[in-house]
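Undergrad: have a look at this fold, sequence not included:
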């Protein structure tokens with residue numbers, strides 16, 4: 001299945017993902033990956049607005065450079 005993502009249904013994407021996982025990791029490895037997968041918690045949009053409030057893109061990049069991310 002090699003269709004553009006916007007042409008696939010959610011079920012088709014899940015099926016293709018499962019097939020890719022089982023092909024690469026085997027059924028047990030694929031299941032372990034799914035069970036270990038964590039979506040996290042909280043509201044990232046609200047957190048992001050709080051963290052970056054009043055900052056410019058330039059200042060964020062400068063902070064990233066100071067921390068060694070860039």
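TA: The structure has been received and is ready for your questions. Not measured: the values here are computed from a predicted model. Residues are numbered from 1 along each chain as shown.
Undergrad: centroid residue for this protein?
TA: residue 39 (8.5 Å; Cα atoms, centre = their mean).
Undergrad: check what pLDDT that residue gets.
TA: We have a pLDDT of 73 for residue 39.
Undergrad: who's in contact with it?
TA: For residue 39, the contact set (Cβ atoms under 8 Å, 6 or more residues apart in numbering) is empty. Placement of C-beta: from N, CA and C, glycine included.
Undergrad: got the phi and psi for it?
TA: Main-chain dihedrals, residue 39, degrees, to the nearest 10: phi -80, psi -10.
Undergrad: and for residue 52?
TA: Dihedral angles for residue 52 - degrees, to the nearest 10 - are phi -100, psi 10.
Undergrad: please apply the same query to the one 3 residues further on.
TA: In this entry, residue 55 is assigned phi and psi values of phi -100, psi 150 (degrees, to the nearest 10).
Undergrad: report how many residues lie close to it.
TA: A count of nearby residues for residue 55, using other Cβ atoms under 10 Å, gives 12.
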